[in-house]
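Q: 3D, please:
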Amino acid sequence: MISAITHSARLVRAAFVFAREGVFGVVDPSLVPPPGQLALRLARLIERRSAGHGPRLSRALTRLGPAYLKLGQFLATRPDVVGVIMARDLESLQDRLPPFPQAEAEAAIATSLERPLTNVFASFGPAVAAASIAQVHRGEVLRDGVRQPVAIKVLRPNVAARFRRDLADFFFVAHKAEAYSAEARRLRLIEVINTMSRSVAMEMDLRLEAAALSEMAENTRDDPDFRVPAVDWDRTAHNVLTLEWIDGIALNDHARLQTANVDLPDLGRKIIQSFLRHALRDGFFHADMHPGNLFLDDAGRLVAVDFGIMGRLGLKERRFLAEILLGFITRDYRRVAEVHFEAGYVPSHHSVENFAQAIRAIGEPIHNRTAEEISMAKLLTLLLEVTGLFDMTTRPELILLQKTMVVVEGVARSFDPRLDIWKIADPVVREWIERNLGPVGRVQGAIAGTGDLARVLMNLPEIASRAVVVLGQLETMTREGLHLSPETIAAIGRTEGRKHRWRTVALWIIAATFIGILIAVRNL
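A: Residues are numbered from 1 along each chain as shown. Here you go, the predicted structure:
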């Protein structure tokens, strides 16, 4: 009960901030049940007069602190959950906070690396960038008597405890929503928060970001147009990450790119094809490829930084992606629909023909058009409507991929407004299909399948033994039924009673607090 009250109190504060910033003003009342419509009207009473200007949700999340700010960034990749309009609002959310003191950063580094700062770095400058989880300093190291610049990323002090508290509130809301809403269960809100929790946990261990950098460096070793900074493992720990300093031109600095006479259309091609190679070939891609995280080095190669958010695709998802893209490129909408059914993403009771018709409605308006003529927001809206219409269960990895593709195309389009993503994607997609789904790929798949079959055969005696035990238990249950002891039945009853009482108390507390806030504001 105490836990429910604590969660409720913090959530009431968050609701008040949302109301003051006018977040509830963008909600369509017709889509909300009658009790919710009353709550919306009450929330509008405490809205600030100037709240209608600018990105409302972004302002509210920034006010609520680092965890909410990170939640907003994460939900920007999930338009299926928050809607396309809200997702576009969240894209403008800037994860920029004031830096924490230099002395605290120096102490954190010395503690993490178990050495005095002067024994680790030849110089350690002030923060050059600060976000919700960490900040970056420029420093120097001595290698063979030569000073070399490095980037040093340091976690914020006590950030983990703050995130744990707020994530517990998010889980509380997700569990309640799935308990009462079929749509919330379809969207798998608990899994959404779980995914965010895992992502944040990985961002808070900088050794894992270093490992992601190392893995991508191996994957892209022979790529002519892309590379990542080298990791200094000797100066990297849980709270500290040391990397090669990148002196390239940031892709959000259009003035410097023009001054350097960079071939901008070719730069757009590099961005899209590099991303598709990582997603299809490696199944491991940078999922936050906004211009601030991309640089162009002196050799004309893209250099990516900030590997806190990464995406992974299994072979099944990569095949799905390749065939979907090829289907749109060749306008084979029937094949696009079949791939959805083969992957198990659309329930089998739906019609392949009807789904192909819905896919055609998405593909035809964008065929043979340049990116300048394509509304990606409209396309994304259609895709989300189709997934809901055909009961397609939310796939977080595909949503993240889809959202990253939109961001990548937007970055590339800023360099070439006439860019056609389908023509640029065509050679990369066809190369992957020929290599993996052509004759060579089929032979490799058969060899891999033979190995899997051999492992199954080796474990067959153990599997058979377990099957006999399970069948015996099922037979006993069928003959005698499932018995529960009186103590178990009583315990279940007590648990359900406590849940009901606590839920009622929590709801009354929320209602009373909200009414009190309204009365206080009206009396101001």
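Q: low-confidence ranges, the stretch 251-400 of the chain, go.
A: 368-385, 387-388, 393-399 (pLDDT under 70).
Q: for it, just list every one of the helices.
A: 254-259, 264-277, 315-330, 333-342, 352-363, 376-389, 396-415 (DSSP state H, counting those that start in this stretch).
Q: got those helices as TSV, with mean neighbour count and distance to Leu243 columns?
A: In short, each C-beta sits where N, CA and C put it, glycine included. Output for those, formatted as TSV (neighbours: other CB atoms under 10 Å; distance: least, CB to CB, whole Å):
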stretch	mean neighbour count	distance to Leu243
helix 254-259	12	22
helix 264-277	21	19
helix 315-330	19	28
helix 333-342	19	39
helix 352-363	17	40
helix 376-389	17	32
helix 396-415	20	22
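Q: now tabulate those in TSV and tack on distance to Ile133.
A: What follows is those, written out as TSV (distance: least, CB to CB, whole Å):
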stretch	distance to Ile133
helix 254-259	28
helix 264-277	24
helix 315-330	28
helix 333-342	36
helix 352-363	36
helix 376-389	28
helix 396-415	19
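Q: so for Pro229, which of those sits nearest?
A: helix 264-277 (15.4 Å; CB to CB).
Q: what angle do the closest one and helix 315-330 make?
A: Counting by axes from the mean of the first three to the mean of the last three CA atoms, to 10 degrees, helix 264-277 points 140 degrees away from the direction of helix 315-330.
Q: against which helices or strands is helix 264-277 packed?
A: strand 226-227, helix 254-259, strand 302-304, helix 396-415, helix 421-436 (3 or more CB pairs under 8 Å, 6 or more residues apart in numbering; DSSP states H and E).
Q: run a quick neighbour tally on Asn459.
A: 11 (other CB atoms under 10 Å).
Q: quickly note the distance from it to Arg59.
A: 56 Å (CB to CB, to the nearest Å).
Q: Leu142 now?
A: 45 Å.
Q: look at the two and report which has more neighbours.
A: Between Leu142 and Arg59, counted using other CB under 10 Å, Arg59 has the larger neighbour count: 21 against 11.
Q: look up phi and psi at the closest residue to Arg48 other than its chain neighbours.
A: Here the nearest residue to Arg48 in space, its sequence neighbours aside, is Arg20; by CB to CB, 6 or more residues apart in numbering that works out to 5.4 Å. Torsion angles at Arg20 (phi, psi; degrees, to the nearest 10) stand at phi -60, psi -30.
Q: thought Ala43 was touching Arg20, still the case?
A: No - with contact defined as CB atoms under 8 Å, Arg20 and Ala43 do not form a contacting pair (9.2 Å).
Q: what's the closest of the helices of the stretch 251-400 of the chain to Val173?
A: helix 396-415 (17.8 Å).
Q: how far is the closest one from where the chain is centred?
A: On the basis of CA atoms, centre = their mean, to the nearest Å, helix 396-415 sits 12 Å off its chain's mean C-alpha point.
Q: for the remainder of this discussion, apply numbering that starts at 3.
A: Okay, residue one is now 3; in that scheme the one you just asked about reads as helix 398-417.
Q: quick one: list the elements packing against that helix.
A: By 3+ CB pairs under 8 Å, 6+ apart, helix 398-417 packs against helix 81-84, helix 191-205, helix 266-279, strand 286-288, strand 312-314, helix 317-332, helix 378-391, helix 423-438.
Q: what's the neighbour count on the nearest residue to Glu411 once chain neighbours are set aside?
A: Nearest residue to Glu411, sequence neighbours excluded (CB to CB, 6+ apart): Ile423, at 5.2 Å. Ile423 is flanked by 23 other residues according to other CB under 10 Å.
Q: hang on, Ile423 packs against Ile274?
A: Yes - under the criterion of CB under 8 Å, Ile423 makes contact with Ile274 at 6.2 Å.
Q: overlap of the contact sets of the two?
A: Glu411, Ala414 (CB atoms under 8 Å, 6 or more residues apart in numbering).
Q: closest to Ile435 out of the helices of the stretch 253-402 of the chain?
A: helix 317-332 (5.3 Å).
Q: so what touches the closest one?
A: Here helix 317-332 has contacts from 281-282, 285, 315, 334-335, 337-338, 341-342, 345, 347, 361, 365, 368-369, 397, 399-400, 403, 424, 427-428, 431-432, 434-435, 438-439, using CB under 8 Å, 6+ apart.
Q: swap in stretch 205-213?
A: Contacts for stretch 205-213 (CB under 8 Å, 6+ apart): 135-136, 155, 157, 161-162, 165, 204, 233, 235, 238-243, 309-311.
Q: now, which of these lie within helices?
A: Among the contacts of stretch 205-213, DSSP state H puts Val161, Ala162, Phe165, Met204 in helices.
Q: and those residues, which two are furthest apart?
A: Maximum pairwise distance in the ones in helices among the contacts of stretch 205-213, criterion CB to CB, is 13.7 Å, between Val161 and Met204.
Q: thought Ala186 was touching Glu180?
A: Yes - Ala186 lies in contact with Glu180 (CB under 8 Å); the separation is 4.8 Å.
Q: phi and psi next, for the nearest residue to Ala124 once chain neighbours are set aside.
A: Spatially, and ignoring its direct neighbours in sequence, Ala124 is nearest to Glu142 (4.4 Å; CB to CB, 6+ apart). The phi/psi pair for Glu142 (degrees, to the nearest 10) reads phi -140, psi 150.
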